[in-house]
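>>> A predicted structure for the sequence below; I have some questions about it.
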Amino acid sequence: MMTFRLSRSLLLLSTLAATVLAGAGQSASAADAGFKRWIANFEDTAADAGIGRSTYRAAFAGIDEPDPDVIQKAQFQPEFQDTIWDYLDNRVNEVSADEGAARRQQLKPWLDRIEKRFGVDRDILLAIWSMESDYGRVLQRTDVVRSVPRSLATLAYMDPKRGKYARAQLIAALKMLQEGDVSVKGLTGSWAGAMGHTQFIPTSYRLYQADMDGNGHADIWTSVPDALATSANLLRKNGWQTGKTWGYEVVLPSADAASLRGKSMSLSVWAKRGFARATGGRFAAPNDRATLVLPAGTNGPAFLMTKNFYVIKAYNNADKYALAVGHLADMIAGGAPFVQDWPRGYKPLTMAERYEVQKHLTSQGLYDGKIDGKIGSTSKSAIMAYQRSVGVDADGNASKALLDIMRRR
């Protein structure tokens, strides 16, 4: 039943998208009449939710057709699903950690105040900033940042799967405008309505907003202190334990120990069962409870996750996201990579070597994306095309073996 509904939604979205994209070059007078009717009709819904008509009309002034980029992004199905090591390699590396450490020094006075006020570790906040907007760089990209009212109205109108979400977020965004939190021009975000340095959706912004710089507004778009404080407030309100870690990489005492995956008990009990920190030393708070997590089974790193790991998931409910935030935070603070490697089956590259791979693919006319060292779907497709051209197994992996071939040619 769920499969049928999803397929029908995607079919409808694709049909509507084709209509809009086909007319993208038309004049405003020929813009999508159905979308304009939707905006006109939703005004009454917004009014019932307490939105003044002047606020509503200001938010949609000049908007008379759906955002075709939002439609395309809503339909996008990646050719490759990231393994957990690909996901982490693209986000937790020497470049992101070094920049986090530099920002740590640069923002020290603000981070001191945020830690004191909210009790949330500064390195966790810096890691979230990196994960969400690449330390704010994403906010400068015109291909990413767009009008939040237009994006959410597009989703509400054209995407049955996300319609309920989009309508709720649109009402919240309009309340932000009405309450003076942001101007119409400043109300920008991603295609799904995530906003600012730390990518809050409107409902979450209204719940957790924090004015750290004291100007009377929680400006998560242009004030880094406000953005980091708002993230800290979210974590605090979801139960962050001050002074505690998010978890530990551990060594399994035996292969049979994997049967305890998902079990929760105190760290002292885990220690008695033979679980030890991969880096050596004792568990800092032996009475704290922790859960055994094996993201890649018994052949990859094993972790005992404490409460703060699950608090991070209040930000994004994916284990790999919370693991990336925790690990990057540790590296920003001067920590090392995990002791146990992932079961990749190949030797990975440094970020500098990944840049080299992308530059080589570009020179061969196989890649026209950004040279950023991040091996995503586009890079993997280009790697596979290159591998086929030189007669090796087209696995799409950015490996030492691949780079060696490139350097020899």
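Looks like it came in fine. Numbers count the residues shown, from 1 in each chain.
>>> quick one, strands of the chain?
146-147, 188-189, 247-251, 264-266, 276-277, 289-293, 295-298, 302-305 (DSSP state E).
>>> partner strands of the fifth one, with direction?
It refers to strand 276-277. According to DSSP bridges, strand 276-277 forms sheet pairs with strand 247-251 (antiparallel).
>>> what lies in contact with the strand it pairs with?
Contact partners of strand 247-251, identified using CB atoms under 8 Å, 6 or more residues apart in numbering, comprise 267, 270, 275-279, 283, 290, 293, 301-306, 308-309, 326, 338-340. Quick note: C-beta positions are derived from backbone N, CA and C, even for glycine.
>>> 7 Å instead, please
Strand 247-251 has contacts (CB atoms under 7 Å, 6 or more residues apart in numbering) with 275-279, 283, 290, 301-306, 309, 326, 338-339.
>>> could you do stretch 226-238 as well?
Applying CB under 7 Å, 6+ apart, the contact partners of stretch 226-238 are 114, 118-120, 125, 128-129, 196-198, 200, 204, 208-213, 218-220, 311, 314-315.
>>> quick one: Arg282 from Ala271, how far?
Noted for Arg282: a distance of 8 Å to Ala271, by CB to CB, to the nearest Å.
>>> neighbour count winner among these two?
Each of Arg282 and Ala271 has its neighbours counted (other CB atoms under 10 Å); Ala271 has more, 16 against 11.
>>> ok, the closest residue to that one other than its chain neighbours - contacts?
Distance criterion CB to CB, 6 or more residues apart in numbering; nearest residue to Ala271, sequence neighbours excluded, is Phe283 at 6.3 Å. Going by CB under 7 Å, 6+ apart, Phe283 touches 248, 267, 271, 277.
>>> would you reformat those residues as TSV and include distance to Glu65?
Converted to TSV, the contacts of Phe283 look like this (distance: CB to CB, whole Å):
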residue	distance to Glu65
Tyr248	52
Leu267	57
Ala271	62
Arg277	57
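>>> weed out the non-buried ones from the residues you listed.
Buried by 16 or more other CB atoms under 10 Å: 248, 267, 271, 277, out of those.
>>> now the second one, nearest residue through space, not along the chain?
With CB to CB, 6+ apart as the criterion, Leu267 has its nearest non-adjacent residue at 4.1 Å, and that residue is Phe283.
>>> just the pLDDT for the residue minimising distance to the centre of the chain.
What sits nearest the mean C-alpha location of the chain, by CA atoms, centre = their mean, is Glu132, with 4.8 Å. Looking at Glu132, its pLDDT stands at 98.
>>> so it touches Thr198, yeah?
Yes - taking CB atoms under 7 Å as the definition, Glu132 is a contact partner of Thr198 at 5.0 Å.
>>> quick one, helices of the stretch 151-300 of the chain?
163-178, 202-208, 224-237, 267-272 (DSSP state H, counting those that start in this stretch).
>>> ok, now the stretch 1-150 of the chain?
So, for the stretch 1-150 of the chain - with DSSP H, counting those that start in this stretch - the helices run 2-22, 33-48, 53-59, 68-75, 84-91, 94-106, 108-118, 122-133, 148-158.
>>> what sits against the closest residue to Leu349 other than its chain neighbours?
Nearest-residue entry for Leu349: Ala398, 5.4 Å, with adjacent residues in sequence omitted and distances by CB to CB, 6+ apart. Shown in contact with Ala398 (CB under 7 Å, 6+ apart): 349, 354, 357, 375, 383.
>>> just Phe200 next, same as before
Contacts of Phe200 (CB under 7 Å, 6+ apart): 194, 220, 230.
>>> how close does the residue lying closest to the first one once chain neighbours are set aside sit to Trp129?
The shortest distance from Ala194 to any non-neighbouring residue, by CB to CB, 6+ apart, is to Ile201 (5.5 Å). Here the criterion is CB to CB. By it, Ile201 lies 17 Å from Trp129.
>>> same thing with Gln178?
Distance, Gln178 to Trp129, using CB to CB: 28 Å.
>>> what does Arg354 give?
From Arg354 to Trp129 the distance is 22 Å (CB to CB).
>>> show me the contacts for the closest residue in space to Val92 that isn't next to it in sequence.
Of all residues not flanking Val92 in the chain, Leu328 sits nearest, at 4.5 Å (CB to CB, 6+ apart). Contact criterion CB under 7 Å, 6+ apart gives 91-92, 96-97, 100, 127, 130 as the residues in contact with Leu328.
>>> kindly present these as CSV, with separate columns for distance to Val390 and neighbour count.
Shown next, in CSV, are the contacts of Leu328 (distance: CB to CB, whole Å; neighbours: other CB atoms under 10 Å):
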residue, distance to Val390, neighbour count
Arg91, 29, 20
Val92, 30, 25
Ser96, 31, 23
Ala97, 33, 24
Gly100, 37, 22
Ala127, 38, 28
Ser130, 35, 25
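>>> can you list the residues you listed in a markdown table and add distance to Gly186?
Output for the contacts of Leu328, formatted as a markdown table (distance: CB to CB, whole Å):
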| residue | distance to Gly186 |
| --- | --- |
| Arg91 | 28 |
| Val92 | 31 |
| Ser96 | 27 |
| Ala97 | 31 |
| Gly100 | 26 |
| Ala127 | 26 |
| Ser130 | 23 |
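>>> okay, now the closest residue to Leu304 other than its chain neighbours: neighbour count?
Spatial nearest neighbour of Leu304, excluding adjacent residues (CB to CB, 6+ apart): Ala290 at 3.9 Å. Ala290 is flanked by 25 other residues according to other CB under 10 Å.
>>> show me what contacts Ala290?
Counting by CB under 7 Å, 6+ apart, Ala290 touches 247, 264, 267, 270, 304-306.
>>> next one: it from Phe309, what distance?
Ala290 is 9 Å from Phe309, by CB to CB.
>>> same question, Ala210
Taking CB to CB, one finds Ala210 at 23 Å from Phe309.
>>> so where's this protein uncertain?
Low-confidence segments of the chain, defined by pLDDT under 70: 1-31, 77-80.
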